[in-house]
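Participant: Based on what follows, work out the 3D shape:
(2 chains)
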There are 2 protein chains.
Amino acid sequence: MDERTVFFLSDQTGVTAETLGHSLLTQFESRDFRQVTLPFIDTLDKAREAVEKINKAAQNGGPRPVVFSTMVQDDFRAIIRQANGLHLDIFDVFLEPLEKELKQKSTHTAGRAHGMSDIDSYMKRIEATNFALANDDGGISRNYEVADVILVGVSRSGKTPTCLYLALQYGVYAANYPLTDEEFDSGDLPEILMKQKKKLFGLTIAPARLRQIRKERRPVGRYSSVQQVGFEVRSAEQIFKRNNVPYIDTTEFSIEEISSRILDGTGVERRVRP
Amino acid sequence: MDERTVFFLSDQTGVTAETLGHSLLTQFESRDFRQVTLPFIDTLDKAREAVEKINKAAQNGGPRPVVFSTMVQDDFRAIIRQANGLHLDIFDVFLEPLEKELKQKSTHTAGRAHGMSDIDSYMKRIEATNFALANDDGGISRNYEVADVILVGVSRSGKTPTCLYLALQYGVYAANYPLTDEEFDSGDLPEILMKQKKKLFGLTIAPARLRQIRKERRPVGRYSSVQQVGFEVRSAEQIFKRNNVPYIDTTEFSIEEISSRILDGTGVERRVRP
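Facilitator: This is a model prediction of the structure:
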């Protein structure tokens, strides 16, 4: 019973508390945590229920819980703080210096961060998501003139999830175009892409990793064979070099990293900041 | 020139610094900030460049910059701290109490939080995204037996972006099924959904808001008419009530809120914690 429970508490979604907690916890070797998110603690009763849950976890004989929280209101934080655990709350620590610096009192209003405070930003994210879906895999729309960036790469190099992440997180219009035999044979990119050359960004990936990913989809056949995967990756990289398309190797990167590197590498502006 | 610049600095993607900063800044009425993300500060030279950028913003005559940062290494933080600004860094504040509590030294390694520390979690997110795409809009696969949750609602009630967000953020398998005339006429849900009744979760939305969203897509015609939108929303809510399908009103919610409320309401476990 020496598993430690980590709580993520919030008067809202809990996304910030989770993000904070994970950034900190990944700095430790031991990762034996039971993780519990308690979102939408927006009444005093719910705050007391959360305290009970934390205390119950503390009574299991193991080490006491760690509580990452983002509780805007002082009185809610005061209740939560009665629970037996290590309490780490960003508002507790950062709100006061920020109030001093901005020479403003904070509004202490719950639910501003990931709330519908801004219908405009919701619409932008939805529109960008629709754009990514319509312009996925070289498909349907090919509305490349309104794209912020067009990702180019072989099948399963990470294009689709990256486009969707860019859309949902940042409202960025990301299209993607898969390289296939047509491009491998000619070594060229099609005219429709060359017209938007400045928007192109390549994704490459280590052949061994690509095989592993493709095998999940189709375990046998040419698609995931050593020869084919190696040929495609080599050809794609040659196309990028020959056409001066900037590219990154996604092998060791998460979706967040690929996305951040694309924004950083292209200078594309976030349309929305979540 | 009294616009204040807010920096989000990181030795990695900057996602955590942005999340932290936005949660705090949304607590203030004034939102006149120029926002700059400087990710991947992983060399001392890049740290010094960041300092120059902050100092340059500070010299523009306006109020000094606010710097939200997640810099794991002490020596990098020490350099950044020389810049003229208010510095708020989560590792500065929270790492020490956490080290004491966990009785472990942190590894002080950059890039663990949103890095490819875990290929397994990358694959899960990709698989869940593919699932959402294949099972979007009642389409193609209808692999409802492996779904964690099936969102049901009228066109443009937020189903698709929510499914994609659940997949990308949490690795959750979310399918969605659009309610159309067939369901409105019968008042029933199709057999394929009723077989998975426990997984169903409804989304509803205020008719006025739905009209606004639909008009973006098709400005004229029945699809976005007052009558049609009102009829669809009423019919959908009746179907939810009649079939005991839990549902939420997405009108005032962001994608993060809808997603968190679905997880909270259904008890579906996150397969991945980002």
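Participant: Any idea how many residues pack against residue A:270?
Facilitator: Other residues lying near residue A:270 total 16 when counted by other C-beta atoms under 10 Å in any protein chain shown. The way it works is simple: take the backbone N, C-alpha and C, and place the C-beta from them, glycine included.
Participant: swap in residue A:88?
Facilitator: By the criterion of other C-beta under 10 Å, residue A:88 has 21 neighbours.
Participant: show me what contacts it?
Facilitator: For residue A:88, the contacting residues are A:20-21, A:24, A:66-69, B:94, B:97-98, by C-beta atoms under 8 Å, 6 or more residues apart in numbering or on different chains.
Participant: following the helix or strand where it lies, which helix or strand comes up?
Facilitator: If you go by DSSP states H and E, residue A:88 is part of strand A:86-89. Using DSSP H and E, the helix or strand that follows strand A:86-89 in sequence is helix A:90-102.
Participant: how big is the angle separating that next one from helix B:90-102?
Facilitator: In terms of direction (axes from the mean of the first three to the mean of the last three C-alpha atoms, to 10 degrees), helix A:90-102 departs from helix B:90-102 by 150 degrees.
Participant: Tell me which other helices or strands helix A:90-102 touches.
Facilitator: Helix A:90-102 sits against helix B:15-25, strand B:66-70, strand B:86-89, helix B:90-102, with contacts defined as 3 or more C-beta pairs under 8 Å, 6 or more residues apart in numbering or on different chains; DSSP states H and E.
Participant: What residues of it count as buried?
Facilitator: Of the residues in helix A:90-102, A:90-95, A:98, A:101-102 count as buried by neighbour count, 16 or more other C-beta atoms under 10 Å in any protein chain shown.
Participant: Pick the one among those residues closest to residue A:135.
Facilitator: Nearest to residue A:135 among the buried residues of helix A:90-102 is residue A:90, at 37.0 Å by C-beta to C-beta.
Participant: so what's residue A:89 closest to, chain neighbours aside?
Facilitator: Leaving aside its sequence neighbours, residue A:89 sits nearest to residue A:69 (C-beta to C-beta, 6 or more residues apart in numbering or on different chains; 4.5 Å).
Participant: which residues does that neighbour bridge with?
Facilitator: residue A:9, residue A:89 (DSSP bridges).
Participant: State the distance from it to residue B:26.
Facilitator: Distance of residue A:69 to residue B:26, given as C-beta to C-beta, to the nearest Å: 16 Å.
Participant: Now the element after the strand or helix carrying residue A:150, going C-ward?
Facilitator: Using DSSP H and E, residue A:150 sits within strand A:149-153. Sequence-wise, the next helix or strand downstream of strand A:149-153 (DSSP H and E) is helix A:159-170.
Participant: What is that following helix packed up against?
Facilitator: helix A:119-134, strand A:149-153, strand A:174-178, helix A:255-266, helix B:119-134, helix B:159-170.
Participant: Let me know the angle separating it from strand A:149-153.
Facilitator: Using the same axes, to 10 degrees: helix A:159-170 against strand A:149-153 is 160 degrees.
Participant: then helix A:159-170 to CSV, C-alphas only?
Facilitator: The C-alpha coordinates for helix A:159-170 follow below in CSV (Å, rounded to 0.1, in the frame of the first residue of the first chain):
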residue,chain,number,x,y,z
LYS,A,159,0.9,14.6,-40.2
THR,A,160,-2.7,14.1,-39.2
PRO,A,161,-2.5,14.2,-35.4
THR,A,162,-0.2,17.2,-35.7
CYS,A,163,-2.6,19.1,-37.9
LEU,A,164,-5.5,18.4,-35.6
TYR,A,165,-3.4,19.4,-32.5
LEU,A,166,-2.4,22.7,-34.2
ALA,A,167,-6.0,23.4,-35.0
LEU,A,168,-7.5,22.5,-31.6
GLN,A,169,-4.7,24.0,-29.5
TYR,A,170,-3.8,27.1,-31.5
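Participant: I'd like the average pLDDT over that helix.
Facilitator: Regarding helix A:159-170, the rounded mean pLDDT is 96.
Participant: Between helix B:119-134 and it, find me the angle.
Facilitator: 90 degrees.
Participant: re earlier: can you list the contacts of residue A:88 in CSV and add distance to residue B:249 and pLDDT?
Facilitator: What follows is these, written out as CSV (distance: C-beta to C-beta, whole Å; pLDDT from 0 to 100):
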residue, distance to residue B:249, pLDDT
A:20, 29, 95
A:21, 29, 95
A:24, 35, 94
A:66, 34, 97
A:67, 30, 98
A:68, 29, 98
A:69, 27, 97
B:94, 36, 96
B:97, 40, 96
B:98, 38, 94
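Participant: of all these, which comes closest to residue B:199?
Facilitator: Closest approach between these and residue B:199, by C-beta to C-beta: residue A:21, at 28.3 Å.
Participant: Hmm, residue A:8 and the closest one touching each other?
Facilitator: Yes: the pair residue A:21 / residue A:8 is scored as a contact, 5.5 Å apart, by C-beta atoms under 8 Å.
Participant: Looking at those two, which is more packed in?
Facilitator: Neighbours were counted for residue A:21 and for residue A:8 using other C-beta under 10 Å; residue A:21 has more, 29 against 25.
Participant: roughly how far apart are the more buried one and residue A:238?
Facilitator: From residue A:21 across to residue A:238, the span is 44 Å (C-beta to C-beta).
Participant: for the stretch 151-274 of chain A, what are the low-confidence residue spans?
Facilitator: Scanning the stretch 151-274 of chain A for pLDDT under 70 picks out the ranges A:274.
Participant: Chain B contacts on that one?
Facilitator: Proximity of the stretch 151-274 of chain A to chain B (C-beta under 8 Å from any C-beta of the partner chain) is limited to residues A:158, A:160-161, A:164-165, A:168, A:213, A:216, A:251-257, A:259-261, A:263-264, A:270, A:273-274.
Participant: quick one: which of residue A:69 and residue B:26 has more around it?
Facilitator: residue A:69 (28 against 19).
Participant: dump the residue contacts of that one.
Facilitator: By C-beta under 8 Å, 6+ apart, the contact list for residue A:69 reads A:7-10, A:17, A:77, A:80, A:87-89.
Participant: let's see 6 Å
Facilitator: Under the criterion of C-beta atoms under 6 Å, 6 or more residues apart in numbering or on different chains, the contact partners of residue A:69 comprise A:9, A:17, A:89.
Participant: okay if I get these as a markdown table plus pLDDT, neighbour count and distance to residue B:58?
Facilitator: Below are the contacts of residue A:69 laid out as a markdown table (pLDDT from 0 to 100; neighbours: other C-beta atoms under 10 Å in any protein chain shown; distance: C-beta to C-beta, whole Å):
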| residue | pLDDT | neighbour count | distance to residue B:58 |
| --- | --- | --- | --- |
| A:9 | 97 | 29 | 35 |
| A:17 | 96 | 28 | 31 |
| A:89 | 96 | 22 | 29 |
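Participant: need these in JSON lines with distance to residue B:62, can you?
Facilitator: JSON lines is the format used below for the contacts of residue A:69 (distance: C-beta to C-beta, whole Å):
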{"residue": "A:9", "distance to residue B:62": "36"}
{"residue": "A:17", "distance to residue B:62": "32"}
{"residue": "A:89", "distance to residue B:62": "30"}
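Participant: which among these gets closest to residue B:150?
Facilitator: Lowest distance from residue B:150 to those (C-beta to C-beta) belongs to residue A:17, with 27.7 Å.
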